[in-house]
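Asks: coordinates only, no sequence provided:
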């Protein structure tokens, strides 16, 4: 008896193309979800937050973030990473536009802006001094700034010693003048 060889199941070319299209569409949709989340958030998002928001698996997400970093390495928009967090931002040469928009009243009231300006100018400054200058409403302002991570506060006696945080400089896209001041010839500031 002649046995007929069993033909292994072969994927046809059209089936392979269809599978490729399905994979490419899923990858494109996932990339668009990640890109949209980063664009809308306006803040750093951790890997966990991106996974929860986009429902993209962690391995694919890391690949997408690498491709987006390359995509946004030139042009107006940038993808900035800090540890395991990412943020969509505007290129540094356009920060003046952000600063113009940020001084509007959409995010901070005029009173909050004034309180934050005093902190920025006088830091480190005691909370009790801010209250004397700005009044009792400053307690609310300081609470908001702490929640946003814009300031740090250390207990000193019965009050707090308040300074700007790194997040302040990132949030407003400004440089910490104290860190960028040149040192004198002795190596001290």
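Replies: Okay, I see it. All values reported here derive from a predicted model rather than from experimental measurement.

Asks: quick check, pLDDT for residue 105.
Replies: For residue 105, the pLDDT comes out at 45.

Asks: swap in the one 4 residues further on?
Replies: Residue-level confidence at residue 109 comes out at 84, pLDDT.

Asks: you'd agree residue 86 is up against residue 41?
Replies: No - between residue 86 and residue 41 there is no contact under Cβ atoms under 8 Å: 9.2 Å. Where you see a C-beta, it was placed from the backbone N, CA and C, and this is true even at glycine.

Asks: more neighbours, those two?
Replies: Between residue 86 and residue 41, counted using other Cβ atoms under 10 Å, residue 86 has the larger neighbour count: 24 against 15.

Asks: correct me if wrong, but the more buried one is in a helix.
Replies: No - with DSSP: H, G, I helix; E, B strand; the rest coil as the criterion, residue 86 is strand rather than part of a helix.

Asks: look up which residues are beta-bridged to it.
Replies: Judged by DSSP bridges, the bridge partners of residue 86 are residue 45, residue 81.

Asks: OK, contacts around it?
Replies: 38, 44-45, 50, 65, 79-80 (Cβ atoms under 8 Å, 6 or more residues apart in numbering).

Asks: ok, residue 145 next?
Replies: By Cβ under 8 Å, 6+ apart, the neighbours of residue 145 are 112, 115-116, 119, 151.

Asks: filter those down to the ones in helices?
Replies: 112, 115-116, 119 (DSSP state H).

Asks: which among these gets closest to residue 142?
Replies: Of all those, residue 115 has the smallest distance to residue 142: 7.3 Å, by Cβ to Cβ.

Asks: tell me the pLDDT of the closest one.
Replies: If you check residue 115, the pLDDT there is 93.

Asks: hang on, isn't it packed against residue 142?
Replies: Yes - applying Cβ under 8 Å, one finds residue 115 in contact with residue 142, separated by 7.3 Å.

Asks: what touches both of these two?
Replies: residue 130.

Asks: tell me which element residue 73 is part of?
Replies: Secondary structure from DSSP states H and E places residue 73 outside every helix and strand.

Asks: likewise residue 10?
Replies: Here residue 10 is assigned to no helix or strand, by DSSP H and E.

Asks: check residue 89 too.
Replies: strand 85-90.

Asks: point me to the residue sitting closest to the centre of this structure.
Replies: Nearest to the geometric centre of the chain sits residue 44, at 2.4 Å (Cα atoms, centre = their mean).
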